[in-house]
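> Return atomic coordinates for the entry below.
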Amino acid sequence: MKDTELKLISELMKNSQRSDRELAKVIGVSQPTVTRIKAKLKREGYLLEYTLIPNFEKLGYEIFALTFASIKQIFSPEKAEEARKAAIELAERAPLNVVLIERGTGLGYGVVIGSFHENYTSYTKLISDLKQSPYLEMNYGSFIIDLKNPIRYRPLTLAKISDHLLTLQKKT
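Numbering: from 1, shown residues only. This next block holds a predicted model:
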């Protein structure tokens with residue numbers, strides 16, 4: 001990836017609302033170059049969406065939960081595809097507060113689910129729904145973040161990772 005492309009991605013992560021003209025000034029190229037690079041990065045799958053990170057507490061959420069679950073043994077590719085489709089269906093139906101479902105490894109679990117909740121009742125409803133899944137075992141664990149807690153260490157932001165992204169290019 002070219003240095004200019006990486007700089008553009010980094011700047012978009014910091015603030016995707018800026019115009020191509022503003023971005024061009026920051027990274028030191030012309031506005032048409034920024035427009036062309038953005039189109040190329042979208043086409044090649046480097047840019048998935050332009051979004052913002054709101055203050056979730058002000059929007060009415062009290063809890064962010066990372067829920068970990070164990071996957072039942074899946075032997076066939078067909079069963080694995082069924083499980084993937086079931087996860088997508090879960091994320092797309094109510095509750096719409098599920099923002100992440102990914103497979104992984106660690107802590108004895110194989111799936112992590114990220115979700116925002118307006119209260120603890122909403123969270124327990126999600127856990128109840130998960131327990132109905134034929135693909136997950138009854139082995140669950142959650143890390144619950146109280147969004148109303150006044151003591152915060154580093155709330156979710158992409159600015160830090162955007163700065164780190166620029167250091168990765170220099171290492172290669």
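> any idea how the chain splits into domains?
Per the record, the chain has its domains at 3-53+157-171, 63-146, by automatic domain parsing.
> mean pLDDT lowest for which of these?
For those, mean pLDDT drops lowest on domain 63-146, to a mean of 84.
> Check the offset of it from the chain's centre.
Its chain's C-alpha centre lies 14 Å from the corresponding centre of domain 63-146 when counted by C-alpha atoms, centre = their mean, to the nearest Å.
> The domains of the chain into CSV, with extra columns for mean neighbour count?
Glycine gets a C-beta too; all of them are placed from N, C-alpha and C. Putting the domains of the chain into CSV (neighbours: other C-beta atoms under 10 Å) gives the following:
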stretch, mean neighbour count
domain 3-53+157-171, 14
domain 63-146, 14
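> how about the strands in the chain?
Listed in chain order, the strands of the chain (DSSP state E) span 63-71, 98-106, 109-117, 136-146.
> who's in contact with the residue of the chain positioned farthest from its centre?
Distance from the C-alpha centroid of the chain, by C-alpha atoms, centre = their mean, peaks at residue 30 (31.2 Å). Applying C-beta atoms under 8 Å, 6 or more residues apart in numbering, one finds that residue 30 lies in contact with residue 24.
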